[in-house]
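*Asks:* Okay, predicted coordinates and the sequence, questions at the end:
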Amino acid sequence: MAHQIDTVHWFTGISHPKSVAANGGIYLWKDGRTNFDTMTAVMDYSDPSNPDIGFQVVYSSRFTNSAGGVKEIYYSNGGSLNLDTNKINSEGGLQQADADAMKMKANLLAGADLPGFKVETAANTGSDPMTYAHMRNWMECVRSRKKPNADVMAGYNHSIANIMCTAALRTGEKATFDEAKQEVLAGGKVFQY
């Protein structure tokens, strides 16, 4: 989930979820593992500087059935960005008739193809153009001392989201983040794994 949630933070500019609820378990691979083979998390986001901005992210992972393959699709009220097909389209976007009923404007993304490389969304990535570009950026920044595309704060922020997800999974409680104390809370108590 780390890379996908990092993409959410990058696209939206919001550092981490306001809250996370999650559920899952070890349903098939009863081989001594402690990490769940199946889980779903719902992350609630809002922008502290703009109360009109809010959305949810749903992340699911299953290691019990590979039907449908790996999917990475970002939906908005304008359409979707599908990183498996490298296409942007207006499917599911706000149509004019529905917008009129709510006294809003239609919101439909223009269709587009992303650059001609395949974004790898599976766990076993090997070497692909995106991994190469990421590593090249990091190495150039080591040499130049410039800030990389994904700096330490990006890593910290998606770690907050991942720990909130783990807290919700392990406790069954809604997880939040205390900004002042920099602590993840589950059910209002400091989460300790």
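*Replies:* That came through fine. Computed from a predicted structure; not experimentally measured.

*Asks:* Could you chop this protein up by domain?
*Replies:* According to automatic domain parsing, the chain comprises the domains 2-68+119-190, 73-116.

*Asks:* Put together CSV for the ones you listed, with mean neighbour count and mean pLDDT on each row.
*Replies:* For every residue, glycine as well, the C-beta is placed using N, CA and C. Shown next, in CSV, are those (neighbours: other CB atoms under 10 Å; pLDDT from 0 to 100):
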stretch, mean neighbour count, mean pLDDT
domain 2-68+119-190, 15, 90
domain 73-116, 14, 90
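
*Asks:* Mind naming the longest helix for this structure?
*Replies:* Using DSSP state H, we find that the single longest helix of the chain is helix 152-171.

*Asks:* what about Asn107, distance to Ile14?
*Replies:* 19 Å (CB to CB, to the nearest Å).

*Asks:* now swap in Lys146 and tell me
*Replies:* From Lys146 to Ile14 the distance is 24 Å (CB to CB).

*Asks:* same thing with Ile73?
*Replies:* 19 Å.

*Asks:* ditto for Arg145
*Replies:* Taking CB to CB, one finds Arg145 at 28 Å from Ile14.

*Asks:* Kindly check the end-to-end length of stretch 171-190 for me.
*Replies:* In stretch 171-190, first residue to last residue: 11 Å (CA to CA, to the nearest Å).

*Asks:* how far does that stretch sit from the chain's center?
*Replies:* Chain-centre distance of stretch 171-190: 19 Å, with CA atoms, centre = their mean, to the nearest Å.

*Asks:* now the helices for the protein?
*Replies:* 2-12, 96-101, 129-144, 152-171.

*Asks:* As JSON lines, those with distance to Gln56 would be great.
*Replies:* Shown next, in JSON lines, are the helices of the chain (distance: least, CB to CB, whole Å):
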{"stretch": "helix 2-12", "distance to Gln56": "11"}
{"stretch": "helix 96-101", "distance to Gln56": "19"}
{"stretch": "helix 129-144", "distance to Gln56": "26"}
{"stretch": "helix 152-171", "distance to Gln56": "13"}
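
*Asks:* quick one on the thing from earlier: elements contacting the longest helix of the chain?
*Replies:* helix 2-12, strand 19-25, strand 38-47, strand 175-178, strand 183-186 (3 or more CB pairs under 8 Å, 6 or more residues apart in numbering; DSSP states H and E).
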